[in-house]
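A.B. asks: just the structure for this:
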Amino acid sequence: MRIYLVGGAVRDRLLGLDVADRDFVVVGATPEEMRAAGYRPVGKDFPVFLHPRTQEEYALARTERKTGRGYHGFAVDADPSVTLEQDLERRDLTINAMAIDERGDVVDPFGGRRDLEQRLLRHVSPAFVEDPVRVLRVARFAARYAPLGFRIADETRALMRRMVDDGEVDHLVAERVWAEMRKALAEPAPSAFLRALRDCGALRAILPEVDALYGVPQRAEFHPEVDTGVHVELVLDQAARLAPGDDLVGWCALVHDLGKALTPADELPRHVMHEQRGVAPLRALAARLKVPAEHAALGELVCRFHLDAHRAFELRPETVLKLLERLDAFRRPERIARFLLACEADKRGRLGRADDAYPQAAYLRDAHAAARAIDAAPFVAQGLSGEKIGEAVRAARRRAIEAVPRPAGGG
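C.D. replies: Residues are numbered from 1 along each chain as shown. Purely as a prediction, here's the structure:
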């Protein structure tokens, strides 16, 4: 039995990054030997075990053979005769196909170390085309490592395009798409995820509502970048900057302008009513990918009301209160912070505007705090009951919002 540290832990150690999770491959062992050594089996599709003390994952070395389309179309062989190189060869990228043995030596049969130095995301073998999830994974790694200068190798990009042309990505199940996309939205440069998918044609197949935004013009005085798809890329990266690692804010950034793809051609480059038009494609996308309920709900709220946030200084106190009520911000106060982060990302996600101030966020936070401080107890003490209490609380909240100072000249 020989044990190797593998995968992302090796890659990130060689990049000088913090290693969050460690995975191990065991060569030359059977499931029975693993159980006898105290390891607890947890794998469903192939033999994976938890270490009895550290609870880290140890997988038996295995090969995979394509038997059908999609993610589950594989036959797995975890015989003790499977070598480390055979196990590494089935992996997606060379930078993920390295190992470190028990002496601390790096095992690198496919040039992963060289590709780290050259900042290349390159496939290990032609078997890359057998798993459509790899298209998403490469795009996700592009989102993670773009700030370090990584790019997708030309030959790997060509394989990704071939997988799209062959219809492989059409067999991706919603859960797998969302799992990879959710991670990508939490990476430092989510725009690279969209660009990688669009470059190989997968964006049109997987996220047609987003792909439709590219080439749609906007008014240059408000959007110097003009192209709506490019705007969404900029907003995504601003969301990653303002809310690092928060895929919920990233999702809101991704879907906030879907309605602009539905603007009639004779209205362009203006986008009147795009907030309302965006609700239907957003709901379709959220349902298809089976996104969590809060992602679907907050994404829709940002889509519908981001312009209200931008116009906050122009709104009457009554309208501000209605906005807070529509956000359900009194029962769910945590929502206001993420809503405003997504709106700020939208405002800053414009060419040359990345460092613009967004005082609307502070004003709306203060308005929310002032209104939330209103308590029903004094009105109960006055003898009010039923609907009268709610009316009195709402009127007091409106007055509290009215008292919140606004920047001179509307910001």
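A.B. asks: could you point out the longest helix in the chain?
C.D. replies: Looking across the chain with DSSP state H, the single longest helix is helix 293-310.
A.B. asks: now that helix: mean pLDDT?
C.D. replies: Averaged across helix 293-310, the pLDDT comes to 98.
A.B. asks: which elements pack onto it?
C.D. replies: Applying 3 or more C-beta pairs under 8 Å, 6 or more residues apart in numbering; DSSP states H and E, one finds that helix 293-310 contacts helix 247-255, helix 274-277, helix 279-289, helix 317-326, helix 334-348, helix 359-372. Yep, even glycine has a C-beta here, placed from its N, CA and C like the rest.
A.B. asks: ranking these by burial, who's on top?
C.D. replies: helix 247-255 (a mean of 28; mean count of other C-beta atoms under 10 Å).
A.B. asks: could you export it as CSV, CA atoms only?
C.D. replies: Provided in CSV are the C-alpha atoms of helix 247-255 (Å, rounded to 0.1, in the frame of the first residue of the first chain):
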residue,chain,number,x,y,z
ASP,A,247,-21.9,33.2,-4.7
LEU,A,248,-25.3,34.7,-3.8
VAL,A,249,-24.1,38.2,-4.6
GLY,A,250,-22.4,36.8,-7.7
TRP,A,251,-25.7,35.1,-8.8
CYS,A,252,-27.5,38.4,-8.4
ALA,A,253,-24.8,40.2,-10.5
LEU,A,254,-25.1,37.5,-13.2
VAL,A,255,-28.9,37.8,-13.6
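A.B. asks: how far out from the middle of the chain is that helix?
C.D. replies: Distance, stretch centre to chain centre, for helix 247-255: 7 Å (C-alpha atoms, centre = their mean, to the nearest Å).
A.B. asks: and that helix, what does it pack onto?
C.D. replies: Secondary elements touching helix 247-255 (3+ C-beta pairs under 8 Å, 6+ apart): helix 174-185, helix 190-200, helix 208-211, helix 228-242, helix 279-289, helix 293-310, helix 334-348.
A.B. asks: which stretch among these comes nearest residue 382?
C.D. replies: helix 334-348 (29.1 Å; C-beta to C-beta).
A.B. asks: by contact count, what packs against that closest one?
C.D. replies: Right, helix 334-348 is packed against helix 228-242, helix 247-255, helix 293-310, helix 359-372 by 3+ C-beta pairs under 8 Å, 6+ apart.
A.B. asks: how about those helices, which one is nearest residue 83?
C.D. replies: Of these, nearest to residue 83 by C-beta to C-beta is helix 247-255, at 37.4 Å.
A.B. asks: OK, contacts around the residue nearest the centre of the chain?
C.D. replies: The structure's the chain has its C-alpha centroid closest to residue 185; by C-alpha atoms, centre = their mean the separation is 1.9 Å. By C-beta atoms under 8 Å, 6 or more residues apart in numbering, the residues touching residue 185 are 193, 236, 239, 247, 250, 251, 253, 254.
A.B. asks: mind putting these in a markdown table, distance to residue 317 included?
C.D. replies: Shown next, in a markdown table, are these (distance: C-beta to C-beta, whole Å):
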| residue | distance to residue 317 |
| --- | --- |
| 193 | 40 |
| 236 | 33 |
| 239 | 29 |
| 247 | 34 |
| 250 | 32 |
| 251 | 31 |
| 253 | 28 |
| 254 | 32 |
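A.B. asks: closest one of those residues to residue 37?
C.D. replies: The closest of these, once distances to residue 37 are taken by C-beta to C-beta, is residue 247, at 37.6 Å.
A.B. asks: that closest one against residue 180, yeah?
C.D. replies: No. With contact defined as C-beta atoms under 8 Å, residue 247 does not reach residue 180; the gap is 11.3 Å.
A.B. asks: which residues touch the closest residue in space to residue 62 that isn't next to it in sequence?
C.D. replies: Using C-beta to C-beta, 6 or more residues apart in numbering and skipping the chain neighbours, the partner closest in space to residue 62 is residue 78 (4.2 Å). Residue 78 is in contact with 31, 46, 47, 60, 61, 62, counting by C-beta under 8 Å, 6+ apart.
A.B. asks: over to residue 267?
C.D. replies: Counting by C-beta under 8 Å, 6+ apart, there are no residues that residue 267 touches.
A.B. asks: tell me how far it lies from residue 237.
C.D. replies: Distance check for residue 267 against residue 237: by C-beta to C-beta, to the nearest Å, it reads 28 Å.
A.B. asks: just residue 350 next, same as before
C.D. replies: When residue 350 is compared with residue 237 (using C-beta to C-beta), they lie 12 Å apart.
A.B. asks: more crowded one of the two?
C.D. replies: Comparing residue 350 with residue 237 by other C-beta atoms under 10 Å, the one with more neighbours is residue 237, at 25 against 19.
A.B. asks: what's near enough to touch that one?
C.D. replies: 189, 190, 191, 349 are the contacts of residue 237 under C-beta under 8 Å, 6+ apart.
A.B. asks: distance check, the residue nearest to the first one when sequence neighbours are not counted against residue 187.
C.D. replies: With sequence-adjacent residues excluded and distances taken as C-beta to C-beta, 6+ apart, residue 189 is closest to residue 146, at 4.1 Å. As for residue 146, its distance to residue 187 is 8 Å (criterion: C-beta to C-beta).
A.B. asks: equivalent analysis for residue 338, please.
C.D. replies: 18 Å.
A.B. asks: so, low pLDDT: which residues of the stretch 51-200 of the chain?
C.D. replies: Where the stretch 51-200 of the chain drops to pLDDT under 70, the residues are 66-74.
A.B. asks: that one: helices as residue ranges?
C.D. replies: Along the stretch 51-200 of the chain, the stretches classed as helices by DSSP state H, counting those that start in this stretch are 84-89, 112-118, 133-145, 154-165, 174-185, 190-200.
A.B. asks: compare those and give me the one nearest residue 389.
C.D. replies: Of all the helices of the stretch 51-200 of the chain, it is helix 174-185 that lies closest to residue 389, at 41.4 Å by C-beta to C-beta.
A.B. asks: what comes up buried for that closest one?
C.D. replies: 176, 177, 178, 180, 181, 182, 183, 184, 185 (16 or more other C-beta atoms under 10 Å).
A.B. asks: residues in contact with residue 248?
C.D. replies: Applying C-beta under 8 Å, 6+ apart to residue 248 gives the contacts 294, 295, 298, 338.
A.B. asks: which of those are buried?
C.D. replies: 295, 298, 338.
A.B. asks: may I see those residues arranged in CSV, with distance to residue 152 as well?
C.D. replies: Converted to CSV, those look like this (distance: C-beta to C-beta, whole Å):
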residue, distance to residue 152
295, 27
298, 31
338, 31
